[in-house]
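A.B. asks: Can you look at this prediction? I've put the sequence above it.
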Amino acid sequence: AERRFEERGRDLLAGFGALRGVELWTSSATHAVLPLLATDAGLRLQVATGTASHTGRFGDWGGGFWLPECAYVPGLEGELAEHGVRAFCVDQTGVPGFDHLAPVATEAGPVAVPIDWDTVQLVWNDADGYPSNPDYRNYWGRTVHDLKPWSNAGLPYRHETALALAREHAREFVGRVSRRLEGGGLLCCALDTELLGHWWYEGLDWLGAVLEEAEAQGVRLVTVSEGLELVEPVARPLVASTWGHGKDFTTWDAPAVADVAFAARAAELHTVAAVATHGAGNGALERAARELLALQASDWAFMVTRALAA
């Protein structure tokens, strides 16, 4: 089953690359919530390690940078620019009257691309997003042998029925996007890739159908870089935000996760102070830096806040 899942993913990526081209972005080293780091040195460690890791593996990079959790504060783009970032995504859903189809030019240079939460919610919504439909496979309903034979409705899973539904949802999705873009603009629908084919078993088939429907309905698919060539960025203020619950930082910085948040900050301060005292090139400090990067990963606090792990 796992081998088949991997093959489906590879086949889809191969087809996607042939149809439209894929633009690879990088991120911070360990998906740290960058505005919550305690020091400029800690921020540089996360961003520089992430970009260096990417270029070391792929040899090239167009400057696209995923802000972990879409976590942004005004001024962050200055540090990103220092490391070659040209574009990043933000979530400004909570800002009244904000145009989510217009990229935003920042004074430091990188362009902020708003994600369109109304479109994202069609897919990535626990209550009424596409994956919650009764006919799709239930990820959580497992047998003692770890098989998943039931639909979300608790009935025997019918794969062909689910595939037909995925194609229907793809048509609806592209139709909504088409109407959303009637006045022009760049629509960015950002999805966690773990959703497609994992939490939502039929998600890869839905994505394949979206590619076909986009061509059929005249919706032009572009990479972010291509989109920024077509849509002129506008200058306007951005507010501190994330794409987390409440569009704020409380998922990662609140009383429930205070011990996690303050432990990470304390470790960062100790590490930065030790490097300032003893200089670079110390093997023990390099190991400490790696441990610090791991400690700063956003998922620790996320799992506690969401009660996803003991």
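C.D. replies: Yep, that arrived.
A.B. asks: any idea of the mean pLDDT for stretch 181-201?
C.D. replies: Stretch 181-201 comes out with an average pLDDT of 95.
A.B. asks: residues making contact with that stretch?
C.D. replies: The contact list for stretch 181-201, computed with C-beta atoms under 8 Å, 6 or more residues apart in numbering, reads 5, 8-9, 70, 89, 99-103, 113-116, 119-120, 123-124, 130-131, 136-137, 139, 148, 162, 177, 180, 203-204, 206-207, 219, 222, 224, 227-228, 230-231, 243. All C-beta spots, glycine's among them, are computed from the backbone N, C-alpha and C.
A.B. asks: go again using 7 Å as the cut-off
C.D. replies: 5, 8-9, 89, 101-103, 113-116, 119-120, 123-124, 131, 136-137, 139, 177, 180, 203-204, 207, 227, 231 (C-beta atoms under 7 Å, 6 or more residues apart in numbering).
A.B. asks: In strands, which of these appear?
C.D. replies: 89, 113, 114 (DSSP state E).
A.B. asks: If I follow the layout properly, the last one ends up in contact with residue 87?
C.D. replies: Which is residue 114. No: the criterion here is C-beta atoms under 7 Å, and residue 114 misses it with residue 87 at 11.6 Å.
A.B. asks: Tabulate the ones in strands among the contacts of stretch 181-201 (TSV), appending neighbour count, distance to residue 95 and pLDDT.
C.D. replies: Below are those laid out as TSV (neighbours: other C-beta atoms under 10 Å; distance: C-beta to C-beta, whole Å; pLDDT from 0 to 100):
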residue	neighbour count	distance to residue 95	pLDDT
89	19	15	98
113	24	15	98
114	25	9	98
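A.B. asks: CA atoms only: put stretch 142-158 into CSV for me.
C.D. replies: Extracted in CSV, the C-alpha atoms of stretch 142-158 (Å, rounded to 0.1, in the frame of the first residue of the first chain):
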residue,chain,number,x,y,z
ARG,A,142,-9.0,1.2,10.8
THR,A,143,-9.2,-2.6,11.3
VAL,A,144,-7.0,-4.5,13.6
HIS,A,145,-4.8,-5.1,10.6
ASP,A,146,-4.5,-1.4,9.9
LEU,A,147,-6.8,-1.5,6.8
LYS,A,148,-9.1,1.4,6.1
PRO,A,149,-12.2,-0.1,4.6
TRP,A,150,-14.8,2.5,5.5
SER,A,151,-16.1,5.7,4.1
ASN,A,152,-16.5,8.8,6.2
ALA,A,153,-20.2,7.8,6.6
GLY,A,154,-19.2,4.5,8.2
LEU,A,155,-20.2,2.5,5.2
PRO,A,156,-18.1,0.2,3.0
TYR,A,157,-15.7,2.3,1.0
ARG,A,158,-16.4,2.5,-2.7
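A.B. asks: Appreciated, that's everything.
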